[in-house]
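1. make a model of this:
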Amino acid sequence: MLTFTYDTGVVIRYVEEAVTLVQRMRGLLGRSGLGSERALLIEPCRAVHTVGMRFALDLIFLDRKNTIVRIVRNVSPGRWCVWGGWRAQRVLECEAGCIDLTALKPGMTLQDAPCSEA
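-> Numbers count the residues shown, from 1 in each chain. Purely as a prediction, here's the structure:
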């Protein structure tokens, strides 16, 4: 479990990682939600779908250095493809509206660290 921060403080406190093929394919399917301060990091990943999802997502696409390349808010269930762009290497998937994304913009770099509590 990881925590993602920016200069102004914690952005996402509890981040699960999906790095194996099975974890990446499953993603958040079957879950009824994530809750506040939680996200799923899928790596590698340049695009996501929300077919079969039960809730809307906020997406933060990152490059290899955790620089934000694209933010997509309130992606409804049933979307076939949301592309992060050529530079995207990973994506943070959050339940829509559960994390304050107003301070984040493309070009900002997030820092990740092991989560101190679960």
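
2. residues contacting M25?
-> By CB atoms under 8 Å, 6 or more residues apart in numbering, the contact list for M25 is empty. Any C-beta I mention is one placed from the backbone N, CA and C, and that applies to glycine too.

3. check for me that it belongs to a helix.
-> Yes. Assessed by DSSP: H, G, I helix; E, B strand; the rest coil, M25 belongs to a helix.

4. could you report the pLDDT at it?
-> Per-residue pLDDT puts M25 at 85.

5. run through who's touching the helix or strand of the chain with the lowest mean pLDDT.
-> Lowest by mean pLDDT, DSSP states H and E among the helices and strands of the chain is strand 2-6, with a mean of 83. Applying CB under 8 Å, 6+ apart, the contact partners of strand 2-6 are 10-15, 17, 39, 41, 66, 92, 103-104, 108-116.

6. ok, stretch 75-93 next?
-> Contact with stretch 75-93 is made by 4, 12, 15, 27-28, 34, 39-64, 69-70, 72, 96, as judged by CB under 8 Å, 6+ apart.

7. with stretch 28-37 instead?
-> 10, 12-14, 40, 52-55, 57, 93-95, 98-99.

8. so which of those residues is the most crowded?
-> Highest neighbour count within these, by other CB atoms under 10 Å: L57, with 27 neighbours.

9. and the strands in the protein?
-> Ranges of strands within the chain are 2-6, 9-18, 38-42, 47-48, 57-62, 68-75, 82-83, 90-95, 111-114, based on DSSP state E.

10. which residue is nearest the centroid of this structure?
-> L92 (1.2 Å; CA atoms, centre = their mean).

11. distance of that one from T3?
-> Applying CB to CB, to the nearest Å, the value for L92 to T3 is 12 Å.

12. need the contact list for A18.
-> 24, 26-27, 40-43.

13. if we use 7 Å, what do you get?
-> Counting by CB atoms under 7 Å, 6 or more residues apart in numbering, A18 touches 24, 27, 40-42.

14. now E95
-> 33-35, 55, 57.

15. show the pLDDT at it.
-> With respect to pLDDT, E95 has a value of 95.

16. and L34, by the same measure?
-> pLDDT for L34: 89.
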